[in-house]
Structures are given as C-alpha cells and as structure tokens.
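Peer 1: quick one: sequence plus predicted model below, questions after.
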Amino acid sequence: MSENQKKIWVTGASTGIGKAVAEKFAKEGWKVAISARREELLKNIAKDNNIFDYPLDVTDKKKVDEVFKKILEDFKNIDLCIFNAGTYEPKLEKEINQEQIRRTMEVNFFGVVNCIKAVENHFKNIKNGHISIVSSIAGYRGLPNSSGYGPSKAALSNLAESLYFDFKKYNVKISLISPGFIKTPMTDKNKFRMPFIKSPEFAADKIYNGLIKSDTFEITFPKQLTILFKFFKILPNRIYLFLISKLVKR
Ligand SMILES: NC(=O)c1ccc[n+]([C@@H]2O[C@H](COP(=O)([O-])OP(=O)(O)OC[C@H]3O[C@@H](n4cnc5c(N)ncnc54)[C@H](OP(=O)(O)O)[C@@H]3O)[C@@H](O)[C@H]2O)c1
C-alpha cells in the first residue's frame, strides 16, 4: 500500500448509494472505511481489499466517537468523510406521526451531527480534510406526504451551509450532496413513478467526480430532475403551492 493512499469514511454503506460510493472509491485506489448497522452486509462488502468494516448506529453518539477513534488508529489519517446514512418510511409519512418524525430526525439529522462532531477535532487540528453531507432535493421545498423526511433533509442542507463558514477558517471543506431519485432499497418502498430514476452506480460516479474532480459546494444529479427542483426553489410561495397542488390532484 502506498503511503500517499487517500482514505475515506462512508456511513450508510451497507446498501444503496453508500455501498456503491464505497466500491467506487475502492476501485479508484482509496482505502475505505464503511459503517452502517448490518454487520453481515458490511463484512461482505469488505471482502474487497481496499474496504474495511466498522459497524455502528449513527444515533449512538458514544459508539460513533469510538468507531472514528478506531478508524483513525487503523488508517492513521482520513481525508474525506461522506455522511450518507439515512432512513425514510413513506407509509408513515402520510399523517403526522410524532414518533416517526422524531426517529427520522434522529437518524438523518442528528446522526450526521454525531458523525461531524466525532471528526471535528481531527480535521480542525490537521487544518485539512473534507466532510460531505448527503441530503436530498426533497429538502429544497415542502413536498406532499413528507412530514419527516423532507424537513430532516432541509435541516441538513442548512447545516451544511452553516458549517461551511465555520470550518472554512480551519481549511476544512464542507460540501453537500443532493441526489434526485436513485434505485435503492429506500426508493423501492415508493409506490409512485419516480422520474429520471438512476442506478446507485450512476450516483457513485457523480459523487466521485463531484468530490474529487471539481470544487463545487453542492453535487446534484440527475440533471433533468435537479434543474426542475432548483427552479421550484426560486418560485414565489404562491406559485409553488399552486403548481404542486395541481400536480398532486392529477
Ligand atoms: N435513493 C434516493 O433516491 C435518494 C435520494 C436523495 C437522497 N438520498 C439519501 O441517500 C442516502 C442513502 O440512501 P439510499 O437511497 O442508498 O438508501 P438505503 O439503501 O436504504 O441506504 C441507507 C443506508 O443508511 C444506513 N442506515 C440507516 N439507519 C442507520 C443508522 N441508524 N445507523 C447507521 N446507518 C444507518 C443503512 O444501513 P443499515 O440499515 O445497515 O444501518 C443503509 O446503509 C440517504 O441519506 C438518503 O436519504 C437517497
């Protein structure tokens, strides 16, 4: 192994986008630490020579700290973190379900906060590094039947902007990944047609190129859907609410 080998930590890497991202970085020669709760799935992915499994639940703050300490011991350094672990239960989002909303915020938002807190001192001390947060275009504006997921992603996007300024002083980069529909176990639960849906490998390529080959703050894909959602973002409330109400009625 070369001394200059780059090192990455990916959470939510047992399936879907996180798994594809871990495999893409490994293929590009990076040494990859992967985390999620399902140990067997992680072990299987870690059969690749460049991938190493570190199971955790992102809601367990103490465990997150312990795991990052262990990764640092093993890897000696980490250049990039992609905090991607997330949850979505469409069936439970049709009505206000306080437990579900709390659980979604706990995993999607506070899970990322726990991970960022765990790596904060390391990156600030070495005055280098890059933390990327996986949000969603679903966080751009309020959507129907999304009382937990959408708000959790909106909070993440705002968090990324806020931390961008705070970490910049330490030469630590914060970036945001806002995917459209990607075919994963998460979206397999959706009953509606998902326009322009792409594979996890497509997402992994976009994420790799966005993080490594460009200096952008936000990585979005696929283009066709993200252009539409960026347009929604700048619409006045009255027009946005009218348009989406019409679409939902159809
Ligand atoms: N698919 C899409 O269309 C889409 C679009 C926009 C954004 N996203 C975001 O992309 C990320 C990945 O989603 P995906 O589509 O790839 O779905 P996925 O296949 O269901 O992956 C979710 C990952 O998060 C992990 N996870 C869930 N709860 C966790 C917890 N408490 N602690 C640690 N890991 C946990 C899961 O592993 P374990 O169950 O083993 O813990 C799994 O590895 C999510 O943040 C999602 O919101 C997805």
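Peer 2: Thanks, I have it.
Peer 1: look up how far residue 236 lies from the residue positioned nearest the centre of the chain.
Peer 2: Per Cα atoms, centre = their mean, the C-alpha nearest to the average position across the chain is that of residue 134, at 2.1 Å. Distance of residue 134 to residue 236, computed by Cβ to Cβ, to the nearest Å: 29 Å. Just so you know, the C-beta spots here come from the backbone N, C-alpha and C atoms, and that holds for glycine as well.
Peer 1: residue 157 in helix, strand or coil?
Peer 2: At residue 157, secondary structure determined by DSSP: H, G, I helix; E, B strand; the rest coil is helix.
Peer 1: and the residue nearest to the centre of the chain, what does it touch?
Peer 2: 12, 17, 82, 83, 84, 86, 156, 177, 179 (Cβ atoms under 8 Å, 6 or more residues apart in numbering).
Peer 1: please apply the same query to residue 122.
Peer 2: Applying Cβ under 8 Å, 6+ apart to residue 122 gives the contacts 68, 72, 78, 129.
Peer 1: again, 7 Å this time
Peer 2: Residue 122 sits next to residue 72 when contact means Cβ atoms under 7 Å, 6 or more residues apart in numbering.
Peer 1: go on, residue 185?
Peer 2: Residue 185 neighbours (Cβ under 7 Å, 6+ apart): 15, 16.
Peer 1: touching the ligand at all, the helix or strand where residue 17 lies?
Peer 2: Using DSSP states H and E, residue 17 sits within helix 16-27. Yes - Helix 16-27 reaches the ligand (Cβ under 6 Å from any ligand atom) through 16, 17, 18.
Peer 1: helices or strands next to the helix or strand that that helix is followed by in the packing?
Peer 2: Once the chain leaves helix 16-27, the next helix or strand it forms, by DSSP H and E, is strand 31-35. Other helices and strands packing on strand 31-35, by 3 or more Cβ pairs under 7 Å, 6 or more residues apart in numbering; DSSP states H and E, are strand 7-11, helix 16-27, strand 51-53, helix 61-75.
Peer 1: okay, the last one in PDB with CA atoms only?
Peer 2: Provided in PDB are the C-alpha atoms of helix 61-75 (Å, rounded to 0.1, in the frame of the first residue of the first chain):
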ATOM      1  CA  LYS A  61     -23.100   9.200  19.800                       C
ATOM      2  CA  LYS A  62     -20.700   7.300  22.100                       C
ATOM      3  CA  LYS A  63     -20.300   4.500  19.500                       C
ATOM      4  CA  VAL A  64     -19.800   7.000  16.700                       C
ATOM      5  CA  ASP A  65     -16.900   8.600  18.700                       C
ATOM      6  CA  GLU A  66     -15.400   5.100  19.400                       C
ATOM      7  CA  VAL A  67     -15.600   4.000  15.800                       C
ATOM      8  CA  PHE A  68     -14.000   7.100  14.400                       C
ATOM      9  CA  LYS A  69     -11.200   6.700  17.000                       C
ATOM     10  CA  LYS A  70     -10.700   3.100  15.900                       C
ATOM     11  CA  ILE A  71     -10.700   4.100  12.200                       C
ATOM     12  CA  LEU A  72      -8.000   6.800  12.900                       C
ATOM     13  CA  GLU A  73      -5.900   4.200  14.800                       C
ATOM     14  CA  ASP A  74      -6.100   1.800  11.900                       C
ATOM     15  CA  PHE A  75      -5.900   4.300   9.000                       C
END
